[in-house]
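**Student:** Next one to model:
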Amino acid sequence: MTSPLTTRPTQRDVQSEFQDVSDPALTDRLLKLCHSYNLSASQLSTQWELLQMNGHVGKMTLETLAALEHKVGQVSQSAPQSKRKTAAVEPRTSSEARPAVQPRTTGMNTYTKDSAHLLQLSGMLGGLSTPKRARPGPASFASPLSQTTTNGSPSNSFVNRVDAGKVLLSFQADLGFASAIAPVKVHVGAHAAAEPRRAPAMATVSGSSFMWEKLDARAELLDEHVQKLEREIEAMHQAETMTKHEPTPQGHEGKKEAENKSPHDSADIQTEAGSALRMPLLASAVHGGNEEVTFVGRICCEGEGKLNPQSIFLEGSRARCNACRYRLDLSGCPDYALFPGQAVAVCGMNTLGHTIVAKRIVPGVLPPQQTRPLVNASFNVITATGPFTCSDDLSYAPLDELLKVAVQRHASAIVLVGPFVDEVHPTVSSVDLSVSFLQLFSQTVLNKLQVFVEERLNESSCAPHIVLIPSIRDVHHSPVFPQPPFVVEQLPAHIKPYVHLAPNPTSIFIGGVSIACCSLDVLMLLTQQELASKPMPDAPRPDRMSRLASHVIKQRLFLPLYPAPTDERALLPVDVTSNLQDSSLHLRPHVLVMPSELAPFAKVVEGDVVCVNSGRLTRKQAGGNFAVICVHPPISQSVAADEASAPSLAPVHAMDDAAIATPSEEATLASRICVEVRRI
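**Tutor:** This next block holds a predicted model:
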């Protein structure tokens, strides 16, 4: 790793590099080290600086000089092995050769495993630094060249799978699925971030910065999250008060009864679809008292780590509680499920002035309902979450199979959730590619989708709509949550209307049906951070998956955790300001797609939201799962559409009436949705 010296170092060179060494004996020893190991005085000085930083040594003495000689000897022994290893691998063509590392003009080119990170931080490694999980910069997504190509045969484990098409679970399968593709309109909601927040040097006109947060702006957004819940409860109390003062048939007696009500009478708080919970009036925790009132705040942990019953605090809003924190006593609360950052309403007392004794906890209020869509014909939607290729190849064979299934199942729309170019893929993580990450995404994923749409248009003049949602594991895209949509410019004009680029998270409207989706594994994150009470011995076992999905809906955030989990094994880069601004659920979706490593499920949450987790399309070298969602119209609309169709023509929404039991018109949309989770 050291290059031969053109001139041998002299005593003056050593003295200029080691100016703090005044002992001539030490200077002579240093000069001999340079001659013995073919080092310049500056290279030896660099090794001495590394030894001081890593070994915590002080001034130059005979003992520290011996340690320096030992370190230089270790580096010199490893250098010939690296040279032989480099010489053994010769490029077959000039185009396949890796770019040569430019030699350093100053300093030393040798470094050790323990000191590499120090050299990288101080800018001393230059072209030699190679991070383990390299991330492309915002200006270029190119990866180093090698002899590995992106074309290859599919994994044997995937090709020889025996359970392809197996139904893992079904939800209201008796409704049946559409037997023909239906023309639907697809559009992506505009509530998510349209473009990433940029670095200060690349600041836009609006002044937004990428991962450059102002503490006061973030604090205001966190406080606004709590105040929203306060306003919801206050509005319900006001509505209850107005109802009490309305004239009643009892006349004077009814009015007198209303006047005798206590000011702390409760109001009906809508917590679930079709049910209400009576709560006392709001109060500030600043002033203690013996009466039961309602406190609103954000769940906080006393220190780092997971929540426990002894470390829970409730942080109030600035306006009502001066943002003070109060300890939360859960000993008298029979049912709760809490996590850091959750905005809750606590019914209890603050007798001591510093501890709130909770009697009941309301974990948020449901957002308003979406308007009921006008569904004229049944249509199928296929959802799948990446990776879309097996871990031992880059053939993207599972994606090919999914597109074939979309044709067989007459899908009107396909929702593909990243990652597409997964950073944990062995070939991608080792940057052992012959193309850049962006080129890999274009040449495999986008090209396959373009060919698929063109084939469907040529065969039937009607193609499924395809929605692409990024993931923070996509190496060719912004790795910070929330994410902007992909930027694709290569698609032809006749293909673009069928390919929709959505941010992460997003709300998609397919045929008027709202489908909210987030590629982040929020369910797993909530599982790791949630503190839930144990059920009573005779009580039924709670539905954990429904409770986790309910947190997202009631908190009105795709990622309601704050602070974000800090796990060095799986870092989660979150722009908190953008998350609070752009990741909100302003309205209750009809379908909530929550990809997760947890067990697949499909069920109704909060009365009218169908929550689906199909898992991932691949699991290392084997195939995974995907979901088929079918939305049916009310029976009156279905009959009217059939009567309006010409008898001689086969309508695109033709259904097998014997296999489908269409629900009544009065039924909710959730009762008209069926789901199947299958093996690819």
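**Student:** Show me which helix runs longest in the chain.
**Tutor:** Assignment by DSSP state H gives helix 215-244 as the longest helix of the chain.
**Student:** Do a quick rundown of the helices in the stretch 401-550 of the chain.
**Tutor:** Secondary structure of the stretch 401-550 of the chain by DSSP state H, counting those that start in this stretch: the helices cover 426-429, 437-440, 447-460, 522-529, 544-555.
**Student:** now the stretch 151-300 of the chain
**Tutor:** Counting by DSSP H, counting those that start in this stretch, the helices of the stretch 151-300 of the chain are 156-159, 215-244, 252-259.
**Student:** what's near enough to touch the residue nearest to Leu169 when sequence neighbours are not counted?
**Tutor:** In this structure, Leu169 finds its nearest non-sequential neighbour in Val677, 5.0 Å apart by C-beta to C-beta, 6 or more residues apart in numbering. For every residue, glycine as well, the C-beta is placed using N, CA and C. Shown in contact with Val677 (C-beta atoms under 8 Å, 6 or more residues apart in numbering): 167-170, 600, 602, 612, 614-615, 625-627.
**Student:** And for Leu548?
**Tutor:** 523, 526-527, 530.
**Student:** And Cys301, by the same measure?
**Tutor:** Per C-beta under 8 Å, 6+ apart, neighbours of Cys301: 307, 311-313, 340.
**Student:** partners of it in the sheet?
**Tutor:** Per DSSP bridges, the residues bridged to Cys301 are Ile312.
**Student:** I'd like to know how far it sits from Pro634.
**Tutor:** 48 Å (C-beta to C-beta, to the nearest Å).
**Student:** Check the gap between the spatially most central residue of the chain and Arg473 for me.
**Tutor:** By C-alpha atoms, centre = their mean, the chain has its centre lying nearest to Leu520, at 2.5 Å. From Leu520 across to Arg473, the span is 10 Å (C-beta to C-beta).
**Student:** can you pull out the strands in the stretch 251-400 of the chain?
**Tutor:** Taking DSSP state E, counting those that start in this stretch as the test, the strands found in the stretch 251-400 of the chain are 267-272, 275-279, 289-301, 312-315, 325-329, 337-338, 343-350, 355-362, 379-385.
**Student:** which one of those is the most hemmed in?
**Tutor:** Of all these, strand 379-385 has the most neighbours on average by mean count of other C-beta atoms under 10 Å, namely a mean of 27.
**Student:** which neighbours does that strand have in its sheet, and in what orientation?
**Tutor:** Partners of strand 379-385 in its sheet, by DSSP bridges: strand 411-417 (parallel), strand 625-631 (antiparallel).
**Student:** Can you add mean pLDDT and mean neighbour count and give those back as JSON lines?
**Tutor:** Listed next are those as JSON lines, based on pLDDT from 0 to 100; neighbours: other C-beta atoms under 10 Å:
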{"stretch": "strand 411-417", "mean pLDDT": "98", "mean neighbour count": "26"}
{"stretch": "strand 625-631", "mean pLDDT": "98", "mean neighbour count": "25"}
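**Student:** Neighbours of Met242, how many?
**Tutor:** 9 (other C-beta atoms under 10 Å).
**Student:** Skipping adjacent residues, who's closest to Ala532 in space?
**Tutor:** Ala337 (4.3 Å).
**Student:** pretty sure the one you found is touching Pro535, no?
**Tutor:** No. At 11.2 Å, Ala337 does not count as touching Pro535 under the criterion of C-beta atoms under 8 Å.
**Student:** Ala345 contacts Ile233, correct?
**Tutor:** Yes. With contact defined as C-beta under 8 Å, Ala345 and Ile233 form a contacting pair (6.1 Å).
**Student:** Not counting its neighbours along the chain, what's nearest Cys390?
**Tutor:** Using C-beta to C-beta, 6+ apart, the nearest residue to Cys390 is Ser155, at 3.9 Å.
**Student:** got a list of what the one you found touches?
**Tutor:** 390-393, 395, 397, 621-622.
**Student:** If we go by neighbour counts, what in stretch 400-408 is buried?
**Tutor:** 401-403, 405-407 (16 or more other C-beta atoms under 10 Å).
**Student:** Which ones among the residues you listed map onto strands?
**Tutor:** Within those, no residue falls in strands by DSSP state E.
**Student:** Include pLDDT and distance to Ser42 when you put those into a markdown table, please.
**Tutor:** Output for those, formatted as a markdown table (pLDDT from 0 to 100; distance: C-beta to C-beta, whole Å):
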| residue | pLDDT | distance to Ser42 |
| --- | --- | --- |
| Glu401 | 97 | 59 |
| Leu402 | 98 | 58 |
| Leu403 | 97 | 59 |
| Val405 | 97 | 64 |
| Ala406 | 97 | 63 |
| Val407 | 96 | 66 |
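**Student:** low pLDDT regions in the stretch 1-150 of the chain?
**Tutor:** Applying pLDDT under 70 to the stretch 1-150 of the chain flags residues 1-6, 53-56, 77-150.
**Student:** re the thing from before, going by distance to Thr566, which of the contacts of Leu548 wins?
**Tutor:** Nearest to Thr566 out of the contacts of Leu548 is Leu526 (C-beta to C-beta; 15.7 Å).
**Student:** wait, doesn't that closest one sit right on Leu559?
**Tutor:** No. Taking contacts as C-beta under 8 Å, Leu526 lies outside contact range of Leu559: 9.5 Å.
**Student:** thinking again about what came up before, how about the helices of the stretch 401-550 of the chain, which one is nearest Lys59?
**Tutor:** helix 426-429 (43.5 Å).
**Student:** got the CA positions of the closest one in PDB?
**Tutor:** Provided in PDB are the C-alpha atoms of helix 426-429 (Å, rounded to 0.1, in the frame of the first residue of the first chain):
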ATOM      1  CA  PRO A 426     -26.500  -8.300  -1.600                       C
ATOM      2  CA  THR A 427     -25.500  -7.200  -5.100                       C
ATOM      3  CA  VAL A 428     -26.800  -3.700  -4.600                       C
ATOM      4  CA  SER A 429     -25.300  -3.200  -1.100                       C
END
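**Student:** what comes up buried for that helix?
**Tutor:** 427-428.
**Student:** Distance from the chain centre to it, please.
**Tutor:** Computed by C-alpha atoms, centre = their mean, to the nearest Å, the chain-centroid distance of helix 426-429 equals 20 Å.
**Student:** Likewise for stretch 530-538?
**Tutor:** Averaging C-alpha positions (C-alpha atoms, centre = their mean) puts stretch 530-538 28 Å from its chain's average.
**Student:** One more: stretch 549-568?
**Tutor:** 10 Å.
**Student:** same question for that stretch, mean pLDDT?
**Tutor:** In this model, stretch 549-568 has an average pLDDT of 90.
**Student:** ok, now which ones touch Asp23?
**Tutor:** Met60.
**Student:** typo on my end, Thr618
**Tutor:** Per C-beta under 8 Å, 6+ apart, neighbours of Thr618: 158, 386-391, 398, 624, 680.
**Student:** pLDDT weak spots in this protein?
**Tutor:** 1-6, 53-56, 77-152, 190-211, 243-277, 567-570, 636-667.
**Student:** Chain neighbours aside, what residue packs nearest to Phe486?
**Tutor:** Per C-beta to C-beta, 6+ apart, closest to Phe486 is Leu501, 4.9 Å.
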